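> Structure, please.
(chains A, B, C, D and E)
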Amino acid sequence: MELQPVDNLPEGFTRGLNSDETSEEYFLNMGPQHPSTHGVLRLVLKLDGENVLEVVPHLGYVHRGIEKLAESQTYLQNIHLTDRLDYLSSHFNNLGYCLAMEQALDIGVPERGEYIRVMVCELQRIQSHLLWWGVTGMDLGAISTFLYGFKEREMITDIFEEICGARLTMNFFRPGGSFADVPDTFIPRVKKVIERMHVALDEYNTLLTDNIIFRERTRAIGILSREKALSYGCSGGVLRASGVSYDVRRNDPYSIYDRFDFGIPVGSVGGCFDRYRMKMEEMPQSLRILEQAVKDFPEGPYRSKEQSAYRLPQGSYYSQVETARGLLGTYIVAEGGAKPYRVKFRSPSFSNLSTLCEMAVGHKIADLVTILATLDFVVPDIDR
Amino acid sequence: MESYIMIGFSVFLGALFVGGAIICSKILAFHSPEGQRKVQPYECSENPIGDARIRFKVSFYIFALLFLLFDIESLFLFPCMKIFKSVVTGQHGSISPVVLFSELFVFVFILFAGLIYAWRKGVLTWE
Amino acid sequence: MKTRQVGDKESLFHFWGRYLQKVATGLVSLLSGMGVTIRYFVSPDKIITQQYPENRENLQMMARFRGHLAMIHDENNQHRCTGCGICEKACPNGTISVLTAKDLAGRKVLGRYIYRLSQCTLCNLCIESCPFGAISMGRDFELATYDRQQLTFILNKTQGGK
Amino acid sequence: MNQLPTEKIFPVHNSIGDLVRHLLPGSAEYVNGFLTIASLLLVVALLPVFLIWLERKVAAHFQARLGPMRVGYHGLLQSTADGLKLIFKEVLVPEGADRFVFFLAPILPASATFLVMTILPFDHHLQVADPAGGVLFALGISGLSILGILLAGWSSNNKYSLLGAMRSGAQMVSFEISLALIMLLIVMVTGTASLREIVLSQQGTILDWWIFKLPFLGFIAFMMYMISSTAELNRAPFDISEAESELTGGFATEYSGISFAMFFFAEFVNMFVSAGLAATFFLGGFLAPQFGIGPIDAAFDFIPGFVWFFCKTFLVIFLYMWFRWTFPRLRIDQLMYLEWKMLLPANLVLLMGAGFFLAMGWTL
Amino acid sequence: MGVGGASGATEQVAEILDKFPGGIRLVDSIEYLVAWARANSLWPLVYGTACCAMEMMSAGSSRHDWARFGVEVARATPRQADLIVLAGTIVEKMGTNLVTLYEQMPAPKYVIAMGSCAISGGPFYYDTYSVIKGGDRLIPVDVYVPGCPPRPEALLYGIMELQEKIRKEGRRNPWKVGKVLETPFVDTHSLAKQEWLTQEEKKEDEQRLARARFKAENPDYKPAKPQRLAKEKFAAMPRIPPRKSGFTNPSLLAAVQRAFPEVALFRQPEITPATVADLGPEYILDLEIGPEQYPDLVRFLKEDQELGIDLLLQVTAVDWQDHFDVLVQLLSTRLGHKVFLRCPVSKEQPEINTISDIFRGAEWHEREVFDLFGIRFSGHPDMRRIFLLDDFPGYPLRKDFADPERVVKRPY
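Here you go, the predicted structure:
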């Protein structure tokens, strides 16, 4: 058996394979069509047996040019584009965009509208985390978790479908509130979800969190130090797992989040298990917010005055929200007129994923899958 | 011996069954025209980088050696195990069960010591 | 991953203690996990599957479910669309083409309302923008076809259309 | 229990055989043997079809859903459809593959499964062959499926396949040791290596089964057998060689159509064989469970032995499925840790413990 | 591409058998059996690019459970798959991979286009430079399931339609590989309008007559006024600005100006910390600095302990027709304030120093800016395109980007 030299060094690699006799190095494509890259992300790995020596991610396999497209659509039409960024956080994306518009046009939101926003967003956070939990389990080989996670997720999806008619791409929020009021069944349904989730979370913890195999699989894998996490611009669970207590809802509150009493889980080590724990502990906190919101859910108008056409005054507007994955920044540059001059979404997954090269090196392929799972990214959110 | 004839016969039948299925499929299955990338090895839908016939980690061979060691050693135990019961029940009058057990114990103990040695040397840790 | 070895700073007794404890807690965690799954296995009432084609009779979509765009027609097959084209402008992806004609009185009326389901994102903006309440979201979802051309619909039944 | 006299040529007897014996004296033994093998072949051919359906149904019910429902009663014909489809599906051979080895690889484990089936004691007299070294035979044959996987991985000219093959090689090679040691334990306490005699050594009440005998040690041995045989079968949580989320298709990445079906087939027959061996070693094989309560015992005894054998085997198969649909997958180094640092020492200790019991002449 | 007709030995076997009495029956029943097996055993490929993949997963979840159709055996490798559900947008970069995937599936293989993006490009039909407008331009599609995304039930219905299609095919109606659409990208919206207008023009003359006659017959016809739908009215609400923490704009500006006196405020030529206060608490300090001092300022902001700025939100750019602005957005996780700073870059020579040595996260952001705006960052360790193919012509987010081959211009 002779080692064939790689003629063309794969893109992004600076060093080729170790050319000496005992070398066991080779390149391997992981993706764009791979079950654990969660969509179409391509990683080119330089491996030594099973050990990862270098990872080069290749993005853009679902780059749809949303930011260019947004420049040719009106402000209102752009809301439905934000659905398709991080489709698991579409309410958050809508909200972020609407907050920027509200800031520009000085539109207020009535009390009930704010409560709807908070509740719907927290439901979405749980929904997104449930999917993430299921998929994480599946990536680690526990297929049942995938279906268990989806069971409760469907309950929340039903709520969304009832309030806005869509299950995934909601296009629900508008500047000043939402396009429709919640039906009467909303609160009972939310109560049911809260009740069920408390039981379900116990089940999840027994099934996966406490499982010795899972613990061993995630222990001391993919450590991301506090400094690195900050330097890479991580946010959300990834940043908090590394010990930085930053949550937009707490540190830069939007909507009415400063009225609610909830905790921000913070990790210590910054490994895979910490990142996992962040998400698992965020769900009870979201339930806490929901419980408080259900208790004093007000009557009244659900949105403020509608405008026939939204024209933002010249200037640039920035808003940020805490999505299920981290900090989503919406930056709108307006030059007057019905269409924005430039729209930029600061997506959490983009920055979070960039730490992958740092974390995966020295681990095995199986650990790479664990790291990818706990990073919890959505590829269209990265590629936009 | 006779039983092995039957086993041989069933091997023949098994091969017939498996071969039949494969031949059946050969005749009846679809053959789509050759495409550009149809026969390219699947590497997540990308063009494979480099050769797939690669050198592989030495740890695999270490474990193969360990396997040989322990598997053969445990097979050495087999005859001893086979008569153990009859020794205990006194059918082999000449051998005392305690002596046999002691011999067995020494053997297994050496095996165990080897394992501990490998453990301490760090051979058993898959890197 | 660093695994400690025998005699690696901790006493043998301590090592075995830790080892056995790990085995015991590990086993307990595995068994309790198996407990969760078996509870699902033995209780058929926990099955939440909705058997779709079999339950067609009583399958009810949510009231606001957005399946496809539909034009509201009354019992005389009359619609309220005036052909103003606001929905066409509201649509982000050119899904709707409002093609107008002139009626006998010379007034602009709707000729043909073309709706391309193949391109529609079901965002609800056309319905929100319609000042006359002429269109709404249909709740059908069984719309799969073998031919992409069949996903272009003419929504108005009265004037201009075929 | 009625015991027929031992046979002259073949240790095979069943009712069909008895009939033939009457009709065609002389050639009876051969005809009888062929018939048994033919019926066995039928069982082997149909088993995976049923087992795959069962796996899918059981998985579904573990996951609060229904599983196949629309083909036949509760989807009974689902795996038949799958099998038929796979036969009529195109077989692709990747560029640069070693064609001969590529085609040979799935045939090996599939035909090897027939070998082990021959020595399983389905009933008192329903057993194709009962070699004196049956245990060793079973152990030896089980290695053949490793060979198939290694060949498949190597010949595919695909890095994922190769990774999967190497993983499974290391894994199976390791777990074979503890499997061998557990079988040795059984040989030691029974004093025989014939599977039939191992079953017969468990006659008596249910407490005479090896799982309940050897105070506590029997149960531990059973557990260890379950762990190592699951690993040997490449089933979750030890399915690292075909870990879908890591290696896409694992060793079978390049296999399509009938070649892939062969792997599938072998996997499920192997599972049956493993479970059958577990039933034989630990659960009294074809013996009816006896509780020492007259009428129940008589009723149970009335049920034919192969029914009991299948019941016990399916119980073990259910355990395999239960594991699969509950646990996450282990990493390869953890797998090695489990085998070399946990199971193997425990096995040796167990062996010595049982030997000590025996040598002391204590009741087991 | 272009998988022609499929052939198999079945045809030859059938030709021989057909000659015998009852042979047709036999072949027919085998055909039926095979079609039945194929229809009921559709193993999908684990493939999904965007939102529709979630609904595809939902279809596999306990609630909808596509296992009932025998579809749950999702294969990660195309070699064992029968069905590929095009769930999500297909972009140019993925296109070749998709064709590879399809070709690597063994025949017979089926394709379901799920959702608007896979059918026609959907929301990304107009004004996008990278999206392929419909999966059937690459591979033949059997069933189209509309929706955005379709409900799981809709996908199940699509699978049932596909089963129906498969059941009807046999030797006499042999397995057809569908055709790949090779129509150019057209603006269907404008096309329909144009067609309609020419059609109306032709009718113009006869209609004029009809109208005249109508007017003569009904001299005092008054058309009914269309009734406007009464919409719910809402009161305007005063906006309560969110609470801001950390440094206030004046103190932040003062701190920066102490170290960098040249720093200017974007679009606010006369800056003093006092005037900044008038811009309100929601205004985020938007500094402007020359290219020479730009990395130094970023470094200063990061390293100044007092300011506590530690997180890079993003690096991006804006095309102002005559020049670019490279934008850096920074945040203090500890204190909560944000600083934006921008650096003008000329269009003729779009090059600027990198800040990826200060914030590691800037590396990808700068690659993105390079990819979409064509601004080079000198000193960047890995200056490649990040999203688009290397041979993509031009930089799409520039205002003067035009690519008639890829982009269908919005008609209105």
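> switch to C-alpha atoms for all contacts and neighbour counts from now on
OK.
> which bits of chain C sit near chain A?
C:1, C:25-27, C:29-30, C:32-34, C:36, C:48, C:62-66, C:90-92, C:123, C:125 (Cα under 8 Å from any Cα of the partner chain).
> The stretch 151-300 of chain D now?
Proximity of the stretch 151-300 of chain D to chain A (Cα under 8 Å from any Cα) is limited to residues D:159, D:163, D:236, D:237, D:243, D:244, D:245, D:246, D:248.
> check the residues you listed against chain E, which are close?
Among these, the residues lying close to chain E (Cα under 8 Å from any Cα) are D:244, D:248.
> would you list the residues of the stretch 151-300 of chain D next to chain A in JSON lines and tack on secondary structure and neighbour count?
As requested, these are exported to JSON lines (DSSP: H, G, I helix; E, B strand; the rest coil; neighbours: other Cα atoms under 10 Å in any protein chain shown):
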{"residue": "D:159", "secondary structure": "helix", "neighbour count": "29"}
{"residue": "D:163", "secondary structure": "helix", "neighbour count": "24"}
{"residue": "D:236", "secondary structure": "coil", "neighbour count": "25"}
{"residue": "D:237", "secondary structure": "coil", "neighbour count": "25"}
{"residue": "D:243", "secondary structure": "coil", "neighbour count": "23"}
{"residue": "D:244", "secondary structure": "helix", "neighbour count": "22"}
{"residue": "D:245", "secondary structure": "helix", "neighbour count": "22"}
{"residue": "D:246", "secondary structure": "helix", "neighbour count": "27"}
{"residue": "D:248", "secondary structure": "coil", "neighbour count": "28"}
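> Quick check on the residues of chain C next to chain A: which are buried?
Among these, those classed as buried by 16 or more other Cα atoms under 10 Å in any protein chain shown are C:26, C:29-30, C:32-34, C:36, C:48, C:62, C:64-66, C:90-92, C:123, C:125.
> ok, and which of those reach chain D?
Taking Cα under 8 Å from any Cα as the test, chain D is in contact with C:30, C:33, C:34, C:48 out of these.
> does chain D sit close to stretch B:11-19?
Yes: for stretch B:11-19, a contact with chain D is found by Cα under 8 Å from any Cα, at B:11, B:13, B:14, B:15, B:18, B:19.
> Check which element follows the helix or strand containing the fifth one along the chain.
Spelled out, it's residue B:18. Using DSSP states H and E, residue B:18 maps to helix B:2-28. Next along the chain after helix B:2-28, taking DSSP H and E as the criterion, comes strand B:30-31.
> of all the residues of stretch B:11-19 next to chain D, which two lie farthest apart?
Greatest spatial distance among the residues of stretch B:11-19 next to chain D (Cα to Cα): B:11 and B:19, at 11.7 Å.
> Looking at the two, which one has more neighbours?
Taking neighbours as other Cα atoms under 10 Å in any protein chain shown, residue B:11 and residue B:19 compare with residue B:11 leading, 19 against 14.
> Is it correct that that one is in contact with residue D:109?
No: the criterion here is Cα atoms under 8 Å, and residue B:11 misses it with residue D:109 at 11.7 Å.
> what residues do those two have in common as contacts?
Both residue B:11 and residue D:109 lack any common contacting residue under the criterion Cα atoms under 8 Å, 6 or more residues apart in numbering or on different chains.
> domains of chain C?
Under the assignment automatic domain parsing, the domains of chain C span C:6-46, C:69-154.
> Most tightly packed of the ones you listed?
Across the domains of chain C, averaging neighbours per residue (mean count of other Cα atoms under 10 Å in any protein chain shown) puts domain C:69-154 on top, at a mean of 20.
> Is chain E within reach of that one?
Yes: under the criterion of Cα under 8 Å from any Cα, domain C:69-154 makes contact with chain E via C:80, C:82, C:89, C:92-97, C:99, C:101, C:103-106, C:117-122, C:131-133, C:141-148, C:151.
> contacting residues around residue E:377?
By Cα under 8 Å, 6+ apart, the contact list for residue E:377 reads E:351, E:352, E:353, E:354, E:366, E:370, E:383.
> check contacts around the fifth one.
For residue E:366, the set of contacting residues under the criterion of Cα under 8 Å, 6+ apart consists of E:315, E:316, E:354, E:356, E:377.
> With the second one instead?
Residues in contact with residue E:352 (Cα under 8 Å, 6+ apart) are E:291, E:345, E:375, E:376, E:377, E:378.
> The same query, at a cut-off of 6 Å, please.
Residues in contact with residue E:352, defined by Cα atoms under 6 Å, 6 or more residues apart in numbering or on different chains, are E:377, E:378.
> tell me the secondary structure for it?
With DSSP: H, G, I helix; E, B strand; the rest coil as the basis, residue E:352 sits in strand.
> which parts of the helix holding residue B:18 are buried?
So for helix B:2-28, counting by 16+ other Cα under 10 Å, buried means B:3, B:6-7, B:9-11, B:13-15, B:17-18, B:21-22, B:25-28.
> Point out where chain E drops to low pLDDT.
Along chain E, segments meeting pLDDT under 70 span E:1-14, E:170-179, E:181-184.
> can you do 50?
Flagging of chain E using pLDDT under 50 yields the residue ranges E:1-9, E:172-175.
> That one: strands as residue ranges?
In chain E, strands defined by DSSP state E lie at E:7-8, E:83-87, E:110-114, E:143-145, E:264-265, E:286-288, E:311-320, E:323-331, E:338-346, E:351-353, E:376-378, listed in chain order.
> for chain B, what are the nearby residues on the stretch 251-364 of chain D?
Contacts of the stretch 251-364 of chain D with chain B, taken as Cα under 6 Å from any Cα of the partner chain, map to D:333, D:359.
> Which single residue of the stretch 251-364 of chain D ends up nearest chain E?
Residue nearest to chain E within the stretch 251-364 of chain D (Cα to the nearest Cα): residue D:256, separated by 5.0 Å.
> Quick check, that residue in contact with residue E:82.
No: using Cα atoms under 6 Å, residue D:256 is not in contact with residue E:82, being 10.3 Å away.
> Tell me the secondary structure at residue 57.
Using chain A. Using three-state DSSP, the structure places residue A:57 in strand.
> Does it touch residue A:45 like I think?
No: between residue A:57 and residue A:45 there is no contact under Cα under 6 Å: 8.5 Å.
> Those two: which is more packed in?
Using other Cα under 10 Å, the more surrounded residue of residue A:57 and residue A:45 is residue A:45, with 24 against 21.
> need the domains of chain C in CSV with distance to residue D:37 and mean pLDDT, can you?
As requested, the domains of chain C are arranged in CSV below (distance: least, Cα to Cα, whole Å; pLDDT from 0 to 100):
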stretch, distance to residue D:37, mean pLDDT
domain C:6-46, 36, 82
domain C:69-154, 50, 84
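> Dump those to JSON lines, plus distance to residue D:198.
Below are the domains of chain C laid out as JSON lines (distance: least, Cα to Cα, whole Å):
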{"stretch": "domain C:6-46", "distance to residue D:198": "30"}
{"stretch": "domain C:69-154", "distance to residue D:198": "60"}
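> To residue A:122, which of these lies closest?
domain C:69-154 (22.0 Å).
> What's the end-to-end length of the closest one?
Start to finish, the residues bounding domain C:69-154 are 11 Å apart (Cα to Cα, to the nearest Å).
> Distance of residue A:46 relative to residue A:17?
For residue A:46, the distance to residue A:17 equals 8 Å [Cα to Cα].
> neighbour-wise, which of those two wins?
Per other Cα under 10 Å, whichever of residue A:46 and residue A:17 has more neighbours is residue A:46, with 23 against 17.
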